[in-house]
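[1] sequence plus the predicted model coming up.
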Amino acid sequence: MEQYRNIAVFAGSLRKDSFNRKVAETLIEAAPKTLKMEIIGIGDIPLYNEDLETGTPPPQWTALRERIRKADGVLFVTPEYNRSVPAMLKNVLDVTSRPYGKNVWNGKPGGIVSVTPGGLGAFGANHHLRQSCVFLNILLLQQPEAYISGAGALFDADGKMTNDGTRSFLAAFMKSYASWVEKLLAV
């Protein structure tokens, strides 16, 4: 019987017609059947404020922490805002790594795909997110790296990827990511 791995997927853009969400959906379609992937919404997560840890933290924090705790791995799909990640994605990292000593990311296999309509593949955001992930002990897939440029020309009016080269690259990325997850979780 095949074993399934639950992967929490975070699309960093909140925009209704987000290229990041479209790429996340393409990654899910391209993933090996051993991965059960779900995009986790982040738009309603209250900003982290340590004062809210006393007593009962916001229920959105508790639910998010539990979802990540139960996940076998994580995959981030991020745009680049000012050479960094969007505030809501950074907030997710802050909320779920606190309070001190309660980091729900610790030891989870992770991957990052950065997406932009521009030409640099959101390189800055990808590497800035990697810095935070290293501190949180998310065990990131190093190769292949995934920087998706020109995202505005990759999809049809229904949001489906039309670029075969990018689709093939994302399928290869997901195959590598699935192998990475298995390697780390088999230990």
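    That came through, no problem. Quantities reported herein were computed from a predicted structural model and do not represent experimental measurements.
[2] if I look at Asp164, how far off is Ala151?
    15 Å (C-beta to C-beta, to the nearest Å). All C-beta atoms are positioned from the backbone trio N, CA, C, and that covers glycine.
[3] what's the single longest helix in this structure?
    Ordering each helix of the chain by length in residues (DSSP state H) puts helix 164-185 first.
[4] output the contacting helices and strands for that helix.
    strand 5-11, helix 19-30, strand 35-39, strand 73-78, strand 109-115 (3 or more C-beta pairs under 8 Å, 6 or more residues apart in numbering; DSSP states H and E).
[5] quick check: bridge partners of the spatially most central residue of the chain?
    For the chain, Phe76 is the residue whose C-alpha lies nearest the centre (C-alpha atoms, centre = their mean; 1.5 Å). Under DSSP bridges, the beta-bridge partners of Phe76 are Phe10, Ile112.
[6] and it, what pLDDT?
    Model confidence at Phe76, given as pLDDT, is 98.
[7] Asp164 and Ala151: who's more crowded?
    Counted by other C-beta atoms under 10 Å, Asp164 and Ala151 do not tie: Ala151 has more neighbours, with 22 against 8.
[8] give me the number of residues near the closest residue to the more buried one other than its chain neighbours?
    Of all residues not flanking Ala151 in the chain, Phe19 sits nearest, at 3.8 Å (C-beta to C-beta, 6 or more residues apart in numbering). Applying other C-beta under 10 Å, we find 23 residues neighbouring Phe19.
[9] quick one: Phe19 and Ser13 touch, right?
    Yes: contact criterion C-beta atoms under 8 Å: Phe19 and Ser13 qualify, at 7.1 Å.
[10] any shared contact partners between those two?
    Residues touching both Phe19 and Ser13 (C-beta atoms under 8 Å, 6 or more residues apart in numbering) are Pro79.
[11] could you double-check that Met161 lies in contact with Ile148?
    No: taking C-beta under 8 Å as the definition, Met161 is not a contact partner of Ile148, at 10.2 Å.
[12] more neighbours: those two, which one.
    Between Met161 and Ile148, counting by other C-beta under 10 Å, Ile148 is the more crowded of the two (24 against 19).
[13] who does that one form a beta bridge with?
    For Ile148, the beta-bridge partners are Val115 (DSSP bridges).
[14] that one touches Gly165, doesn't it?
    No: assessed by C-beta under 8 Å, Ile148 is found out of contact with Gly165, at 11.0 Å.
[15] who touches Lys90 in this structure?
    Contacts of Lys90 (C-beta under 8 Å, 6+ apart): Ser84, Ser132.
[16] avg pLDDT for the one helix or strand it maps to?
    Using DSSP states H and E, the element containing Lys90 is helix 87-96. What helix 87-96 shows for mean pLDDT is 96.
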